[in-house]
Every structure is written in structure tokens, then in C-alpha cells.
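# Predicted model and sequence below, questions to follow.
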Amino acid sequence: MRNETSCSIIRDLLPNYAEGLTSPETSAVVKAHLETCHTCRSLYEDYQKPVDIPQSEEIKTDKKLIRKIWYQSMWYLFWPCLYAVFLKAGWEKQALTVFGTFAAVVFTALFTFPAYDIYFDDEKKKEYYSREEKHLKRGNGNWFVRNLIWLLPILIPILVEGISQLIVYVKG
């Protein structure tokens, strides 16, 4: 019974001992036990073996997600900064033209992708709906919402400038 208790205590201490985290007194007790107990020594040798941890698909997905968030952040920061430059330079009227042009270009680029059934044969329909289903399950929204989100940082300054010009027009 004494040996089993001793082994159970040593087994509890082995992970810390293998990492060098035990005090010198505890290390001496564990070391003395390992010299006499084959079972605990075998377990200690297993702790010493390197462990190969394969990188899961989740980690790769997380890296892609972080990269996507970074790009979106840069996109969302760029447009208000550009708008601030226009305002600082006194180009309020030109801002509306420039942002409207950018919105039209981005709108055209985002919405020219054929997203409606009339453009697809049966095989492409399956592929498209499968892809959309994955986006919806991940909480990314449907195709229209995802593209509209890319337009928001361009549309908001247009709306701000357009509303201010509309107010001036109505008052004047």
C-alpha cells in the first residue's frame, strides 16, 4: 500500500518534474523513486518524448479570418480618412463626385457577379447555393448583404455630403 500511494503521488508530480518546475527537495524524492520504480520511470520517459501537434484546419481558418478582418479594417478606415482630407482641403463638393464615382465602380465590381438563377446551369446553381449556405451558416449573411457591407464606408460620406447639400439647397 505504501508503494502504491508513493507511486500515485509521484505520478501527480511527474509532469511538473519533467518540466523542471519542482523544488530541489521534491525533485530529489521523485528522482529517488524513479530509480526504484520501473512503471513510473517508463511514464517519465514518455513525458520526455517530443509531441508532434499537427496544425488543425481551424488554425488555418483563424489565420484567414484574421487577415480578412485586417483588410476590412483597412478598407473601413481608408474612406473616412479620405473624406476627412477632402473636408480639410475645402473640397466638399468634389468629395461627393469622387465618392459617387468610387461607389459606382465598387458597386459595378461587386454586383456584376451573376447571382441570380437565370445565369446558371444546374451544376453552377448547386455550387452557388452550396457556397451561399456555407456563408449563411458562418453568419456572414447572403451575397447581397456581404457586398453591401463593402459599400457602406463609401456610401456614408456620400449620404452625409448629399444630405448637407440638400439642406443648403432647401434653405437657400
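Yep, it's here. Numbering: from 1, shown residues only.

# quick one, helices of the chain?
2-18, 24-36, 38-48, 57-89, 92-111, 122-137, 143-171 (DSSP state H).

# could these go into a markdown table alongside mean neighbour count and mean pLDDT?
Any C-beta I mention is one placed from the backbone N, CA and C, and that applies to glycine too. Shown next, in a markdown table, are the helices of the chain (neighbours: other Cβ atoms under 10 Å; pLDDT from 0 to 100):
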| stretch | mean neighbour count | mean pLDDT |
| --- | --- | --- |
| helix 2-18 | 14 | 81 |
| helix 24-36 | 13 | 91 |
| helix 38-48 | 13 | 90 |
| helix 57-89 | 12 | 78 |
| helix 92-111 | 15 | 78 |
| helix 122-137 | 11 | 73 |
| helix 143-171 | 14 | 78 |
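
# quick one, phi psi at Cys37?
The phi/psi pair for Cys37 (degrees, to the nearest 10) reads phi -110, psi 110.

# which one is it nearest to, not counting chain neighbours?
Ranked by Cβ to Cβ, 6 or more residues apart in numbering and with sequence neighbours excluded, the top spatial neighbour of Cys37 is Cys7, at 6.2 Å.

# Could you check how far that neighbour is from Tyr17?
Distance of Cys7 to Tyr17, given as Cβ to Cβ, to the nearest Å: 14 Å.

# so what's the residue nearest to Val98 when sequence neighbours are not counted up against?
Nearest non-adjacent residue to Val98, counting by Cβ to Cβ, 6+ apart: Phe86, 7.2 Å away. Residues in contact with Phe86 (Cβ atoms under 8 Å, 6 or more residues apart in numbering) are Glu92, Gln94, Ala95, Val98.

# at 10 Å instead, please
Phe86 makes contacts with Glu92, Lys93, Gln94, Ala95, Leu96, Val98, Phe99, Pro157, Glu161, as judged by Cβ atoms under 10 Å, 6 or more residues apart in numbering.

# just Gly162 next, same as before
Leu96, Phe99, Gly100, Leu155 are the contacts of Gly162 under Cβ under 10 Å, 6+ apart.

# OK, contacts around the third one?
For Gly100, the contacting residues are Ile154, Leu155, Pro157, Ile158, Glu161, Gly162, taking Cβ under 10 Å, 6+ apart as the criterion.
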